[in-house]
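1. how would this look folded up:
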Amino acid sequence: MVTISDEQHGGKDQAGPAPTSPAAEAQDPSGWGAKIHSVRFRVVAAMLGMMLAGMVIAGLVTFVVQFQDSDARIDQAILDKANSVVKLVQTNKETSGDYADTSYISALHEAAEDIQPRGNEVMAGIENGRVAWTVEGSKENPHLNTALFDDAAGLRDAAGAAFGELNADGRPLRTLVLPVQGAPGTFFLIGRDAGDQREHNVTSVRTYALVALGMLLAAALIGGLVAGRLLYPLRRLREASSAVSPEDLTQRVEVRKGEDDVTLLAKTFNTMLERLDEGAQQQQQFLDDASHELRTPLTILRGHLELETVDDPEDVIATRDVLLDEVDRMQRLVDDLLLLANSGDPGFIRREPVPIPELLDQVMEKVRVLADRQWLIDEKADYVVEVDPQRLTQALVQLSANAVKYTGPSSTIALGSRIEGPTAADGTPLPASDTLLLWVRDDGIGVAPEDQQRIFERFGRAHTGRGEEGSGLGLAIVAAIAQAHGGLATVESEYGHGATFLIRIPLQSASVRV
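-> Now for the predicted structure:
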């Protein structure tokens, strides 16, 4: 068996690209066209596409939630702080505390200065729609400048807290405007710079993108290697298919260990090639043997015609008889060849219910006139079975004629049949289909052990004893008939002490006793 291995392809790596044709290389010298259209590329591209889509969706959902959550946490923090300031002012006003003698707007201002906003915060008081004062945590951070006054005041809502986001010198300012209960038209405003948090979130997005890109590159590399290894049998399959020709069916795909679909495909392809190779060898052997067998009668025909004396009537008659005999032998040979050629067709046998005793009796009536022998029937299977009676008659007649050739006038030739059921080791019958056993027995010279297999082959003859005469197709026809029934033809013989030729046919349905 010839295999296609790495060494035969210049030691290329298994995951390497498949070779391209000269025409394809002329149109695409770089070879990228073939790579892009390869199964390996498309598998890896599909895998990367699905990974990319999954990462984008997961990242989008994650970071949208993260941005919303960070804004919600800032909003909750400034709401808690605003409530603390407003509640402090209201409590002190009601209990004659520190802010009892000042207006609400002034009390809010004093409270804001006492609390001291964080460096990224700003506080303001709104009265009658105008920003009355502002307190900034840091002069360097965004603050409520004049341009934002109207926007900040516009957030107020007498019904409750109002959230918004202002653009303070290009930075986002999460803003809350809270009405002061007991002081109509008075509002407390607090804003916190969300720029740092947003930048942190954006940095997380960039980090995620870089990590995802690295994972995609690693997946592309690993996926390419894995896909190349998995698809390796496919590439070898294509190369082997290209190398197969009617003159050379010995190519095989190198199969790695495993039970994946691609490996099983390579094994199936090798099995197909083996069957084709075996069939081609059998066909070639068949043609060689047939041509050899036909050459002999043709040589005889030509020799007699060349030596014939046309002016001698007796020589002409003798030559004609010889030629007719050779023509008959050629006709029988051709008929046998055609029968063997058709033995594999589904319609070669036609099953029907056949009483085995009647079949044996009919065969005995036909064969007893072949020669003066002691013809016997050893045993009759008293059953009706589904077989082809004509083909079985043909096989039994052929075996009987073969027995006649190698026995003398005082010899015994016996036919027999039996139904055998499968049994266990202890002899207990098993519930399975029966087997029909037919045989032809003689007490002639027998068959040597080394010849007992080959005599059933086409043109196979024994080296001594049986098979010296004839075309060598008779027993092959018997074997073909047995195989067409799903059975087997064998011989049991001790050389010099006769032979028993057997046909075993497994029955498709249970046998029925007559």
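
2. what are the ranges of the helices in the stretch 201-350 of the chain?
-> 232-243, 261-307, 313-342 (DSSP state H, counting those that start in this stretch).

3. tabulate the ones you listed (CSV), appending mean pLDDT.
-> Output for the helices of the stretch 201-350 of the chain, formatted as CSV (pLDDT from 0 to 100):
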stretch, mean pLDDT
helix 232-243, 76
helix 261-307, 76
helix 313-342, 79
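
4. what's the most buried one of those helices?
-> Mean neighbour counts were compared across these using mean count of other CB atoms under 10 Å; the top stretch is helix 232-243, at a mean of 19. (C-beta placed from N, C-alpha, C; glycine too.)

5. determine the longest helix present in this structure.
-> helix 39-94 (DSSP state H).

6. which secondary structure elements does that helix sit against?
-> helix 104-115, strand 171-179, strand 186-193, helix 195-230 (3 or more CB pairs under 8 Å, 6 or more residues apart in numbering; DSSP states H and E).

7. now those in JSON lines, with distance to D157 and mean neighbour count?
-> Shown next, in JSON lines, are the helices and strands packed on helix 39-94 (distance: least, CB to CB, whole Å; neighbours: other CB atoms under 10 Å):
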{"stretch": "helix 104-115", "distance to D157": "17", "mean neighbour count": "20"}
{"stretch": "strand 171-179", "distance to D157": "7", "mean neighbour count": "22"}
{"stretch": "strand 186-193", "distance to D157": "9", "mean neighbour count": "26"}
{"stretch": "helix 195-230", "distance to D157": "25", "mean neighbour count": "14"}
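
8. closest to V39 out of the ones you listed?
-> Closest to V39 of those is helix 195-230 (CB to CB; 8.1 Å).

9. so that closest one versus helix 261-307, what angle?
-> 20 degrees (axes from the mean of the first three to the mean of the last three CA atoms, to 10 degrees).

10. chain center to helix 195-230: distance?
-> The gap between where helix 195-230 is centred and where its chain is centred comes out at 32 Å by CA atoms, centre = their mean, to the nearest Å.

11. ok, back up a step: same list, the helices of the stretch 201-350 of the chain, but as a markdown table with distance to R130 please.
-> Converted to a markdown table, the helices of the stretch 201-350 of the chain look like this (distance: least, CB to CB, whole Å):
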| stretch | distance to R130 |
| --- | --- |
| helix 232-243 | 79 |
| helix 261-307 | 78 |
| helix 313-342 | 111 |
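
12. out of the ones you listed, which gets nearest to E352?
-> From those, taking CB to CB, the stretch that ends up closest is helix 313-342, at 19.2 Å.

13. report the secondary structure state of the residue nearest to L376 when sequence neighbours are not counted.
-> Counting by CB to CB, 6 or more residues apart in numbering, L376 lies nearest to A414, which is 4.1 Å off, once chain neighbours are set aside. The three-state label given to A414 by DSSP: H, G, I helix; E, B strand; the rest coil is strand.

14. what about A414, neighbour count?
-> 20 (other CB atoms under 10 Å).

15. that one contacts V440, doesn't it?
-> Yes - A414 sits in contact with V440 when judged by CB atoms under 8 Å, with a separation of 7.4 Å.

16. mind listing the strands for the stretch 351-500 of the chain?
-> For the stretch 351-500 of the chain, strands defined by DSSP state E, counting those that start in this stretch occupy the ranges 352-355, 374-379, 383-387, 412-420, 435-442, 488-493, 499-506.

17. roughly how far does I126 sit from H304?
-> 135 Å (CB to CB, to the nearest Å).

18. S411 now?
-> Taken as CB to CB, the span from S411 to H304 is 35 Å.

19. ok, back up a step: okay if I get the helices and strands packed on helix 39-94 as TSV plus mean pLDDT and distance to N342?
-> Formatted as TSV, these follow (pLDDT from 0 to 100; distance: least, CB to CB, whole Å):
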stretch	mean pLDDT	distance to N342
helix 104-115	87	108
strand 171-179	89	90
strand 186-193	90	96
helix 195-230	90	44
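
20. save these as CSV, and put in distance to D372 too.
-> Listed next are the helices and strands packed on helix 39-94 as CSV, based on distance: least, CB to CB, whole Å:
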stretch, distance to D372
helix 104-115, 137
strand 171-179, 121
strand 186-193, 126
helix 195-230, 73
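
21. R42: which of those is closest?
-> helix 195-230 (9.4 Å).

22. for that closest one, name the packing helices and strands.
-> So helix 195-230, by 3+ CB pairs under 8 Å, 6+ apart, packs with helix 39-94, strand 171-179.

23. run the angle between it and helix 232-243 for me.
-> Interaxial angle, helix 195-230 versus helix 232-243 (the same axes, to 10 degrees): 40 degrees.

24. what about T62, neighbour count?
-> T62, neighbours per other CB under 10 Å, totals 13.

25. any idea how far it lies from G347?
-> To G347, T62 is 70 Å away according to CB to CB.

26. again with R236
-> 40 Å.

27. same check, this time on A476
-> Per CB to CB, A476 is found 20 Å from G347.

28. between the two, which has more neighbouring residues?
-> Using other CB under 10 Å as the criterion, A476 and G347 rank with A476 on top: 22 against 6.

29. pretty sure that one sits against L337.
-> No - counting by CB under 8 Å, A476 does not reach L337; the two are 10.0 Å apart.

30. domain map for this protein?
-> 58-202, 261-342, 347-513 (automatic domain parsing).

31. and of these, who's closest to L231?
-> Closest among the domains of the chain, using CB to CB: domain 261-342, at 6.5 Å.

32. quick one: end-to-end distance for the closest one.
-> End-to-end distance for domain 261-342, by CA to CA, to the nearest Å: 36 Å.

33. same question for stretch 381-395.
-> Note: stretch 381-395 ends 18 Å apart using CA to CA.

34. can you list contacts of it?
-> 348-357, 359, 362-363, 366, 417-419, 436-438, 477-478, 481-482, 484-485, 489, 503, 505, 507-509, 511-514 (CB atoms under 8 Å, 6 or more residues apart in numbering).
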